[in-house]
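A.B. asks: what follows is a protein structure lacking sequence information:
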């Protein structure tokens with residue numbers, strides 16, 4: 001039984017479509033991320049589920065109950081905002097108890113529910129503290145505790161990690177995933193950070209211009225992108241343009257504008273000579289050595305070198321175009337110098353080709 005169902009949700013504003021026929025079916029206990037760039041519609045979808053925005057058409061079902069026209073407090077949801085929205089004058093205990101008291105829960109039951117929520121987020125001994133006495137990560141966990149204390153059917157997160165520094169954000173990703181697994185609550189998580197979405201989610205819904213581009217597991221989205229937008233948004237893409245070249249009895253190729261001829265694995269029915277957009281992810285390019293025979297490769301020259309910790313990034317000129325190629329810091333290609341000639345292996349199956357865009361869109 002799906003815990004959350006969205007049926008053809010529509011939301012438009014003058015000159016802008018925030019959500020266009022958005023349909024999803026979320027299983028009980030799943031962790032789902034809504035992923036996309038700013039303005040793609042992910043927060044609009046979340047706020048429609050929360051009851052903060054009314055859709056123009058479509059339905060929202062929680063546990064098979066149609067909640068489309070119900071107010072927020074009747075939907076059995078928990079909502080964690082980007083800012084956490086803790087009451088600064090209230091203790092941690094009273095912040096977590098706030099929603100329970102609005103439900104008329106008091107006395108021993110209130111204490112029990114608050115204690116359970118704080119234990120879940122590992123803040124058992126913090127009940128007497130004020131929010132200003134907590135770190136950013138601890139405040140975030142209080143906000144989560146406040147949301148789960150009323151035992152909602154769905155937990156909604158609106159970019160809750162964006163205010164944290166990088167190391168704490170990584171730590172909180174693990175904490176939120178652990179908590180979600182232990183509590184077993186269905187979760188809808190909004191983020192523009194693909195690393196968050198891919199590492200935390202059971203499935204990811206990629207949105208662009210209010211339209212669902214792909215709804216699948218992180219592995220499927222990464223290895224089998226359904227659209228040109230997904231291919232270019234997920235991973236670290238090199239974006240190129242060119243023209244499709246069909247040769248009888250040979251693999252299909254694309255002639256990169258002012259660059260090399262690349263073999264491609266799939267052309268999605270595009271006609272010979274069609275102008276195309278090409279995406280090749282940085283991590284899918286490899287330097288070829290003498291022993292690597294029989295692999296499709298192109299000649300290039302190192303233009304720039306950048307050390308970025310676990311990897312070295314090279315800007316490689318392929319004719320008049322440039323691509324970024326990564327190499328592990330502890331690998332044999334970490335010491336290549338600017339100006340060095342190189343050969344780059346490009347697997348045809350990792351060259352994503354789509355019809356050239358003639359207007360803004362996905």
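C.D. replies: Yes, it's here. Not measured: the values here are computed from a predicted model. Numbering: from 1, shown residues only.
A.B. asks: identify the residues contacting residue 317.
C.D. replies: Taking CB atoms under 8 Å, 6 or more residues apart in numbering as the contact definition, residue 317 lies against 300-303. C-beta coordinates here come from the backbone N, C-alpha and C atoms, glycine included.
A.B. asks: the helix or strand where it lies pairs with which strands, parallel or anti?
C.D. replies: Residue 317 belongs to strand 311-318 when elements are defined using DSSP states H and E. Sheet partners assigned to strand 311-318 using DSSP bridges are listed as strand 297-307 (antiparallel), strand 321-328 (antiparallel).
A.B. asks: tell me what residue 253 is bridged to.
C.D. replies: Bridge pairing for residue 253 - DSSP bridges - gives residue 245, residue 263.
A.B. asks: so it touches residue 245, yeah?
C.D. replies: Yes. Residue 253 is within contact range of residue 245, at 4.6 Å (criterion: CB atoms under 8 Å).
A.B. asks: which one of the two is surrounded by more residues?
C.D. replies: Between residue 253 and residue 245, counted using other CB atoms under 10 Å, residue 253 has the larger neighbour count: 22 against 17.
A.B. asks: thinking again about what came up before, by neighbour count, which of the contacts of residue 317 wins?
C.D. replies: residue 300 (25 neighbours).
A.B. asks: dump the residue contacts of that residue.
C.D. replies: Per CB under 8 Å, 6+ apart, neighbours of residue 300: 316-318, 323, 341-344.
A.B. asks: any idea which residue of this structure is furthest from its center?
C.D. replies: In terms of distance from the mean C-alpha position of the chain, residue 107 ranks first, at 41.5 Å (CA atoms, centre = their mean).
A.B. asks: that older thread, nearest to residue 114, of the contacts of residue 300?
C.D. replies: Nearest to residue 114 among those: residue 323, at 54.6 Å, using CB to CB.
A.B. asks: and the closest one, what pLDDT?
C.D. replies: Note for residue 323: predicted pLDDT of 96.
A.B. asks: name the element the closest residue to it other than its chain neighbours belongs to?
C.D. replies: Spatial nearest neighbour of residue 323, chain neighbours left out: residue 238 (4.3 Å); criterion: CB to CB, 6 or more residues apart in numbering. Assigned by DSSP H and E, residue 238 falls within strand 237-245.
A.B. asks: contacts for that strand, please.
C.D. replies: 231-232, 252-257, 259, 261-262, 267, 270-282, 285, 321, 323-324, 353, 356.
A.B. asks: try it again at 7 Å.
C.D. replies: 232, 252-257, 259, 261, 267, 270, 272-282, 321, 323-324, 356 (CB atoms under 7 Å, 6 or more residues apart in numbering).
A.B. asks: quick check: angle from it to strand 321-328?
C.D. replies: 130 degrees (axes from the mean of the first three to the mean of the last three CA atoms, to 10 degrees).
A.B. asks: pLDDT of strand 237-245, averaged?
C.D. replies: So the average pLDDT for strand 237-245 ends up being 92.
A.B. asks: just to revisit the earlier point, shared neighbours of residue 253 and residue 245, which are they?
C.D. replies: Counting by CB under 7 Å, 6+ apart, the residues touching both residue 253 and residue 245 are residue 261.
A.B. asks: can you list the buried residues in stretch 299-315?
C.D. replies: The neighbour-count check on stretch 299-315 (16 or more other CB atoms under 10 Å) flags 300, 302, 305, 311-312, 314-315 as buried.
A.B. asks: how close does residue 161 sit to residue 179?
C.D. replies: Distance of residue 161 to residue 179, computed by CB to CB, to the nearest Å: 13 Å.
A.B. asks: domain ranges for the protein?
C.D. replies: 2-228, 236-355 (automatic domain parsing).
A.B. asks: please name the bridge partners of residue 313.
C.D. replies: When assigned by DSSP bridges, residue 313 has beta-bridge partners residue 306, residue 326.
A.B. asks: so what's it up against?
C.D. replies: 306, 324, 326.
A.B. asks: what's the neighbour count on the second one?
C.D. replies: Which is residue 324. For residue 324, using other CB under 10 Å, the count is 18.
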